[in-house]
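Undergrad: for reference, the sequence and a predicted model appear below.
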Amino acid sequence: MACIYSSSVSSISAKLNFAPLSNHKPRFFCSLGGAVAEPKAVNATEPLLLNAARGKEVERPPSYQTLCEKHPSFRERSENVDLVVEISIQQWKVFKPDGVILFSDILTPLSGMNIPFDIVKGKGPIIFDPIRTAGDVEKVREFTPDESVPYVGEALTILRKEVNNEAALLGFVGAPFTLASYVVEGGSSKHFSKIKRLAFSEPKVLHALLQKFTTSMAKYIQYQADKGAQAVQIFDSWATELSPVDFEEFSLPYLKQIVDTVKRTHPTLPLILYASGSGGLIERLPLTGVDVVSLDWTVDMAEGRKRLGPNVAVQGNVDPGVLFGSKEFITERIKDTVRKAGEGKHILNLGHGIVVEKNYHTSDVEMPTVSGQTVGKIVDHGLNRNETETAIKAVRFRFHLFQLTSRGGSSRSRRADKGKSIALDDDVNVHPFDLSQGNTSSVGDYNPNPIDGDWSDTDID
């Protein structure tokens, strides 16, 4: 998925979330927020997001923002170090959220695995040579990040120096089954008939492919951590196309293998798992060993928290559609989610990505903490095409940004600040780095529900 990860991780994504800075008033970018259960001493020198993801007690839910973009030249953008850094960090420079997410895509490793692909406007990901036979799997190479995607490592290193510990730097990867779904189906899919045919008629072939992705993604997470990522979200967007018994065969063991491998070398690295539509799999998700599970809005937060158990943090899970409501309605839904999540180990964010609309109104929404104390306002900013083209020549740029800030402030002044942003063409989605989906770069992943016949990017979270 094409995502400007500059802060959803939906729920790692997302997966994931943030720490207050000294003399820094709390801001919330509708993506991820986290609080913790067991009172442990908080390391004030580390970002709030990391303390929350590690289950430490924090003074407020951390948050960050993810922007997701759809554009024919997405790969050129995501493989250019200067652009990756600028797109990833631009919103942090203006709004100072608690997390910065790498601008990238879950499919980025494919070229380095001898799987040619592209992301085509109006269609989404296209796999030129789908993997459907044992011979096809044999041709898939193991991913070597420092050789195949050196620009990712360079961008992460620069970003980490830029943000220091003022915010957490988040990376993300695709889960084995989700990656396999794309390469077997040849791109996005509605019915997943091809990968299910492979799973149920030639399971050994699929297992061989899943193992290659597992080994490669574990290396990719380690690589991102070594280059500066402080938390990583794993997107398994399509695992929920599996029945519980098939999830236990084709997804769970590979996710657990990734987590076990990464934890041996990076034991303190928070890992977040996002799987949209995971209501039927909730009890199984903590078995992967991840630190945070991101829930979508179709699961009641109180029920989801109970089903997950006490040993894993939860992320989510406000319905993105709620943001079309009045500020009173939005406020009540957010308060309801926070109340149901309880006092511990919660990262607040949307339960999925936001579909871009041409016009958004600006609204201020009071955001109380669990205790009822107001920590700030969620400010919904929207720019339509005409406003943006007037402000920035030759730029067509829309996005939906949510900020929790105790300073508040007018939308006009913030719009002026956004005029400094890099030009983004056509459509941009806010993605809950799902810590979520979302999201995220996702943290990135794809929106499985095209709108009006068009294909949109979304995930964390």
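TA: Received, thanks. Quick caveat: nothing in here was measured; it's all calculated off a predicted structure.
Undergrad: so where is the protein shaky, pLDDT-wise?
TA: 1-44, 61-74, 76, 95, 354-461 (pLDDT under 70).
Undergrad: which helix is the longest one in it?
TA: As assigned by DSSP state H, the longest helix anywhere in the chain is helix 203-227.
Undergrad: where along this protein do the strands fall?
TA: 67-70, 99-101, 117-120, 124-127, 168-174, 231-235, 271-274, 292-294, 313-318, 346-350, 363-368, 374-382, 400-405, 427-430 (DSSP state E).
Undergrad: list the buried residues for the third one?
TA: Taking 16 or more other CB atoms under 10 Å as the basis for neighbour counts, the residues of strand 117-120 that come out buried are Phe117, Asp118, Ile119. For the C-beta atoms, the positions are set from N, CA and C on the backbone; glycine is no exception.
Undergrad: quick one: contacts for the second one?
TA: Put plainly, it is Asp118. By CB atoms under 8 Å, 6 or more residues apart in numbering, Asp118 lies in contact with Arg75, Pro125, Ile126, Phe128.
Undergrad: now for those: which two are most distant?
TA: Distance extremes for the contacts of Asp118: the farthest pair is Arg75 and Phe128 at 13.0 Å, using CB to CB.
Undergrad: between those two, which has more neighbouring residues?
TA: Taking Arg75 and Phe128 together and counting by other CB atoms under 10 Å, Arg75 has the greater number of neighbours (17 against 10).
Undergrad: my guess is the more buried one contacts Ile119. True?
TA: Yes: using CB atoms under 8 Å, Arg75 is in contact with Ile119, at 6.2 Å.
Undergrad: skipping its backbone neighbours, what lies nearest Ala155 in space?
TA: Val84 (4.2 Å; CB to CB, 6 or more residues apart in numbering).
Undergrad: ok, Lys139 next?
TA: Asn114 (5.8 Å).
Undergrad: burial measure for that neighbour, as a count.
TA: Asn114: 14 surrounding residues under other CB under 10 Å.
Undergrad: that one and Glu142, how far apart?
TA: 10 Å (CB to CB, to the nearest Å).
Undergrad: ok, back up a step: out of the contacts of Asp118, which is nearest to Ala313?
TA: Ala313 lies nearest to Pro125 out of the contacts of Asp118, by CB to CB, at 30.1 Å.
Undergrad: touching, the closest one and Gly187? I think so.
TA: Yes: using CB under 8 Å, Pro125 is in contact with Gly187, at 5.0 Å.
Undergrad: who has more neighbours, these two?
TA: More crowded of Pro125 and Gly187, by other CB under 10 Å: Pro125, with 24 against 21.
Undergrad: look up how far Ser104 lies from the more buried one.
TA: Relative to Ser104, and taking CB to CB, Pro125 is found at 14 Å.
Undergrad: dump the residue contacts of the closest residue to Tyr223 other than its chain neighbours.
TA: Closest residue in space to Tyr223, ignoring its immediate chain neighbours: Pro145 at 3.8 Å, by CB to CB, 6+ apart. Residues near Pro145 by CB under 8 Å, 6+ apart: Pro109, Gly112, Val152, Gly153, Lys219, Tyr220, Tyr223, Gln224.
Undergrad: one step back: relative to Val245, which of the buried residues of strand 117-120 is nearest.
TA: Lowest distance from Val245 to those (CB to CB) belongs to Phe117, with 30.5 Å.
Undergrad: what residues does that closest one make contact with?
TA: Leu107, Leu110, Ser111, Pro125, Ile126, Ile127, Phe128, Tyr182, Val183 are the contacts of Phe117 under CB under 8 Å, 6+ apart.
Undergrad: which residues does it bridge with?
TA: Counting by DSSP bridges, Phe117 forms beta bridges with Ile127.
Undergrad: quick check: the gap between it and Phe128.
TA: For Phe117, the distance to Phe128 (CB to CB) stands at 6 Å.
Undergrad: you'd agree Trp175 is up against Phe235?
TA: Careful, residue 175 is Ala; it's not Trp. Yes: with contact defined as CB under 8 Å, Ala175 counts as touching Phe235 (6.1 Å).
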